[in-house]
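J.: Give me the fold of what follows.
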Amino acid sequence: MINRTFLLLSTLVLIPSTAVQADPPRKISDIISPAELEAEIAAKLAELEPWIGSEDAFVENRKKIGQSASMLIVAAQALAEHDAPSDLKPYAADLRDAGLQIARAEKQSDAAAGFSAAQTAASRQSPKSTTLAYDWGKLVKQRPIMEDMETQLQRLQRAMRRPKDSAAEARIAAVVAVANLTTVADTHEVKDAAKLPEWDRLSQLMIDQLVETAAAIRRKDTMAAQASFKAARATCVDCHRQFKKEN
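T.: Here you go, the predicted structure:
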């Protein structure tokens, strides 16, 4: 367990932000609610804590830390730029910067400092002094965020066989949809500029399909949810088929 007061002063001095004045690729409130983003942030903090709590755990879980921290960054930035109210929203940019510190940490002590800063922000006690806007194309690295997205989609696929918690299951679809905003914005994987419109089409299509999946889950329309989810998975496969071979 990491002490919440661990290096408190140092955690408030985060890595410099490369923030720019850049709007998100789509209106975030059309994809996910503030409550779902807050729940995802809490889930990621709970996930990260044991992996960062000791040197051995940090070394053993480096890859998982990068994946989970990447989704924490995305959820925090989405909450920071959401157009609906949330009492966590004023602290969301601080959460994002804490997540960036965790994701970039080479040492356990740096990750622990970032995690302590994230706890401070999540507790609504951070200074709220960082820049709100951030370039979505540079927010996270694509490999770890896509790996976390895939893990969550596999979890949702299992849950949809025997649905139990519609709120939690809808949140997974919505979270992966909002994480796809980074794919829309980060086009560095596209080596042929003529293929950029197809990259954008597939990225936007997957967001639409996952938004439809989440909506169907919320209204407990199992057949519609499964159809939308299956379509989203097919879009994901199509995108990898077209663009993975370029890299």
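
J.: Assess the claim that residue 101 and residue 114 are in contact.
T.: Yes. Proximity of residue 101 to residue 114 meets the contact threshold set by C-beta atoms under 8 Å, at 3.2 Å. To be clear about C-beta, it is placed using only N, CA and C from the backbone, and glycine gets the same treatment.

J.: How is this protein divided into domains?
T.: Here the domain parsing of the chain from automatic domain parsing is 20-135, 137-246.

J.: okay, those, which one's buried deepest?
T.: domain 20-135 (a mean of 20; mean count of other C-beta atoms under 10 Å).

J.: Which strands and helices lie in contact with the helix or strand that residue 223 is a member of?
T.: Using DSSP states H and E, residue 223 falls within helix 222-243. Helix 222-243 sits against helix 142-161, helix 196-218, with contacts defined as 3 or more C-beta pairs under 8 Å, 6 or more residues apart in numbering; DSSP states H and E.

J.: what does the first one rub up against?
T.: Helix 142-161 is touched from outside by 63, 66-71, 74, 103, 165, 168-169, 172-173, 175-176, 179-180, 182-183, 186, 188-189, 217, 222, 225-226, 229, 232-233, 236, with contacts defined as C-beta atoms under 8 Å, 6 or more residues apart in numbering.

J.: Now intersect the residues you listed with the helices, please.
T.: Mapping the contacts of helix 142-161 onto helices (DSSP state H) picks out 63, 66-71, 74, 103, 168-169, 172-173, 175-176, 179-180, 182-183, 217, 222, 225-226, 229, 232-233, 236.

J.: Retrieve the pLDDT associated with the residue lying closest to residue 90 once chain neighbours are set aside.
T.: Nearest non-adjacent residue to residue 90, counting by C-beta to C-beta, 6 or more residues apart in numbering: residue 128, 5.3 Å away. If you check residue 128, the pLDDT there is 89.

J.: hey, which helix or strand in this structure has the poorest pLDDT?
T.: helix 8-11 (a mean of 37; mean pLDDT, DSSP states H and E).

J.: Tell me the helix or strand right after it.
T.: helix 34-52.

J.: for the record, mean pLDDT for that following helix?
T.: 98.

J.: same deal with stretch 199-212?
T.: 96.

J.: now swap in stretch 132-140 and tell me
T.: The model assigns stretch 132-140 a mean pLDDT of 94.

J.: Now the terminal residues of it, how far apart.
T.: Length of stretch 132-140, first residue to last, C-alpha to C-alpha, to the nearest Å: 16 Å.

J.: just how off-centre is that stretch within its chain?
T.: 12 Å (C-alpha atoms, centre = their mean, to the nearest Å).

J.: Same check on stretch 158-174?
T.: On C-alpha atoms, centre = their mean, the centre of stretch 158-174 falls 17 Å from that of its chain.

J.: Can I get it in CSV, CA atoms only?
T.: Output in CSV follows, covering the C-alpha atoms of stretch 158-174 (Å, rounded to 0.1, in the frame of the first residue of the first chain):
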residue,chain,number,x,y,z
ARG,A,158,-17.0,-12.3,-21.9
ALA,A,159,-19.5,-10.3,-19.9
MET,A,160,-21.9,-10.0,-22.8
ARG,A,161,-22.4,-13.8,-22.9
ARG,A,162,-24.1,-13.5,-19.5
PRO,A,163,-24.8,-9.8,-18.7
LYS,A,164,-24.9,-8.9,-15.1
ASP,A,165,-24.0,-5.3,-14.5
SER,A,166,-25.2,-3.2,-17.4
ALA,A,167,-23.7,0.0,-16.0
ALA,A,168,-20.2,-1.5,-15.8
GLU,A,169,-20.5,-3.2,-19.1
ALA,A,170,-21.7,0.0,-20.9
ARG,A,171,-18.8,1.9,-19.3
ILE,A,172,-16.3,-0.5,-20.9
ALA,A,173,-17.7,0.2,-24.4
ALA,A,174,-17.9,3.9,-23.8
